[in-house]
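# when you get a sec, could you give me coordinates for this:
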Amino acid sequence: MKNKIISAAAALLFLAGIAAGCAVGGNPSVTTDDNKNSAGTTDTEPTQTTSGGKKDPVEYHYKNASLQENGKRLAFGVLNDINLFEPDTEVRYYISFSGKKLTGKVATVTIESDQLAYDIVKNHKLEGTEIVDSFVPKMNGIYRLRLKIVGDETELKFSIGVVPRNKTANPEFIFSCQPCLARVFTGRYSVLGQSSIDRQAASMIKTIEYMGFNGIREDAIYWGDFQPTKDSEMNFGLFDRLLETANSHGQSLIYIIGTPPEWAYKEKYKNDTEICYNVCPEKEYWEDFCREVAVHTRNVERGKLIWQIWNEPDGEFFHGTSEEYCELLDIGARTIRQYDPDAYIIGPGLVAPINQERAEWWSKDTFPMGNTIKKLLDDKILDAYAHHLHYPFDDNFFEYMENGIGLVQRTCGLGTTGLFNTESGVCSSDNAWCATENVAKALYFRARGYKDFTVFAFSSSTEEFDGWTMFNGYLQPRESVIAYSTMLRFVGQATEHETICSDRSLFADIYYDGEKSVVTVYYDGEQKTGKGTLVLPEGKDYTAYNIYGNKKALASNEITASADCVYIVYDGKVSASDFSFRTGKITET
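This is a model prediction of the structure:
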């Protein structure tokens, strides 16, 4: 329920802390300890055996947990490139070990899941250097593996996800995520347990591809990485690597430009001790930078690269005035369009706070930015504009749509279709609730004429999960991964959409992919909202699935909406006229 969320103010402050790290030189700080796991040991590739002078192929050992202390060395993980697996297939796990204190001991592996009637328990005597075993999960869900050494306190654990591999979503809609892949390439972020930057990047992009995303939003190859000094030649090596990695795995790259280096700061801000890393640059430096990136990327196929000019400039991520940002937006967009007429350019990710209420971190007027965006859209310089929305699917969400971004749209004359929502998430320790909220928000925007929805956030930087993320630092999944993958499975290939009912008590939509129709059914989840009912057509066979993609039995042809989306799948095409419905009432308290 809604009482499980962190308060909006606390959550937004937490988000600001994630993204705002300041550093000398105008860029966020760089960490280089990317080959360490949480136990502080350097990861290496598994030893290969030889036969006839040639190396035998070795399955990749994905290290999910490890220990090195007091004469014991222990690693626990899966024989796979990532931590996601198909149902009804073998999941192979390994235990690698050395040290006299472990030899001959018994290791107990317990496999737990809400999808299991009882735990699976396996005992292994530690002889040699490695144990490999497996199990076969039947249903979608999170499975937790726990290793205990009998007779001492040693314990390692990790989680995997079981959900079907998806096709990459089609271009009809961009289902994107924000994985921080650029930060892996620049050493600002690490995937734990992986042996190199290449391995870290591979595990991340393969996970994204497995789930069925078709876009990633990135930022952390900053202007200063391209051009460390005023006299430096532009270096596109890291950026080209990022773009190639994304595109070769079916992902459009939504790339945020901004974040000037200190040498490019506007003169009046250079001695401001309060500045962070998104400082207004001098116009001529900014124009030169935008020209260079446009010329370099002008042969990239349209849609494979999408330029977003700045992140949340009406919030804390632009140090300057609204008017200064508007000037930069105009210069940047027109320069890119001039040197790459086929470029895909979207406006900034606007905060657009409800009723333009000011706070320490939402400090600038959005309306001048909205007016500049409108002019650039009318002049066909921008292709679209964007906003962010981190509220849960509750009163605040709908208030934001009416008097946050909605107020900017009405005031500035902006259209309401073709938008990008380039950052949207929720924060809670209850990840099943996060799964419910993120799926509801993604489906809401998919059904309402948007072009993109970027779910936030992808993974944390530690072994622990934070309230925002789908994965922890090892890319071990949470419930939201299973739910989001399921949504992409059922909706990601759709080429046609029709709404049956759009009411807070009942959201029901049809998605058709040329072969089957999927009906999505949910409501806003608020206690005060009376649940609506969808009546299915008589005589049409269907299969129902729950939010995690497991089959669901329905008691009748009437479905009472729940906060957790239900998917009704029909062979062939159905239409809204085949269904009837009853909406519920909202009771104000």
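
# can you tell me the helix or strand for residue 68?
strand 61-69 (DSSP states H and E).

# packing partners for the helix or strand following that strand?
Later in the chain than strand 61-69, the nearest helix or strand by DSSP H and E is strand 72-79. On a contact count with 3 or more C-beta pairs under 8 Å, 6 or more residues apart in numbering; DSSP states H and E, strand 72-79 meets strand 61-69, strand 91-98, strand 141-149, strand 155-162. Glycine gets a C-beta too; all of them are placed from N, C-alpha and C.

# let me know which of those strands is the nearest to residue 555.
With C-beta to C-beta, the closest approach to residue 555 among the helices and strands packed on strand 72-79 belongs to strand 141-149: 23.1 Å.

# ok and the closest one relative to strand 91-98, angle-wise?
With axes from the mean of the first three to the mean of the last three C-alpha atoms, to 10 degrees as the basis, strand 141-149 and strand 91-98 are set at 20 degrees to each other.

# for strand 141-149, give the mean pLDDT please.
The average of the pLDDT scores along strand 141-149 is 99.

# packing partners of it?
strand 72-79, strand 91-98, strand 106-112, strand 155-162, helix 479-491.

# just the C-alpha atoms of it, please, in PDB.
The C-alpha trace of strand 141-149 is given here as PDB (Å, rounded to 0.1, in the frame of the first residue of the first chain):
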ATOM      1  CA  GLY A 141      10.200 -15.100  -9.600                       C
ATOM      2  CA  ILE A 142      13.200 -14.300  -7.400                       C
ATOM      3  CA  TYR A 143      15.200 -17.300  -6.100                       C
ATOM      4  CA  ARG A 144      17.600 -16.800  -3.200                       C
ATOM      5  CA  LEU A 145      20.700 -19.100  -2.800                       C
ATOM      6  CA  ARG A 146      22.300 -19.300   0.600                       C
ATOM      7  CA  LEU A 147      25.500 -21.200   1.300                       C
ATOM      8  CA  LYS A 148      26.500 -22.200   4.900                       C
ATOM      9  CA  ILE A 149      29.600 -24.000   6.000                       C
END
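
# which other residues reach it?
65, 74, 76, 91, 93, 95, 102, 105-116, 137, 154-162, 477-479, 481-482, 548, 550 (C-beta atoms under 8 Å, 6 or more residues apart in numbering).

# in its sheet, what does that strand sit against?
Next to strand 141-149 in the sheet, as set by DSSP bridges, lie strand 106-112 (antiparallel), strand 155-162 (antiparallel).

# give me the mean pLDDT for the last one.
It refers to strand 155-162. Average pLDDT, strand 155-162: 98.

# got the buried residues for that strand?
156, 157, 158, 159, 160, 161, 162 (16 or more other C-beta atoms under 10 Å).

# so the third one touches residue 476, yeah?
Yes. Because the distance of 5.4 Å satisfies C-beta atoms under 8 Å, residue 158 is recorded as touching residue 476.

# who touches both of these two?
Common neighbours of residue 158 and residue 476 are listed as 64, 83 (criterion: C-beta under 8 Å, 6+ apart).

# report the central residue of this structure.
residue 177 (3.0 Å; C-alpha atoms, centre = their mean).

# distance of that one relative to residue 497?
Distance, residue 177 to residue 497, using C-beta to C-beta, to the nearest Å: 22 Å.

# over to residue 142?
According to C-beta to C-beta, residue 142 and residue 497 sit 30 Å apart.

# more crowded one of these two?
Per other C-beta atoms under 10 Å, whichever of residue 142 and residue 497 has more neighbours is residue 142, with 23 against 16.

# domain assignment for the chain?
2-29+165-493, 57-80+87-162, 498-582 (automatic domain parsing).

# re earlier: buried deepest among the helices and strands packed on strand 141-149, which one?
helix 479-491 (a mean of 25; mean count of other C-beta atoms under 10 Å).

# what's next to that helix, contact-wise?
With C-beta under 8 Å, 6+ apart as the test, helix 479-491 has contacts from 84, 140-142, 161-164, 166, 169, 175, 210-213, 431-432, 434-436, 438-439, 442-443, 446, 455, 470-471, 511, 518, 520, 545, 547-549, 565, 567, 569.

# check stretch 351-366 too.
Residues contacting stretch 351-366 (C-beta under 8 Å, 6+ apart): 12-13, 16, 312-316, 318, 321-322, 325, 350, 367, 387-388, 396, 399-400, 403-405, 407-408.
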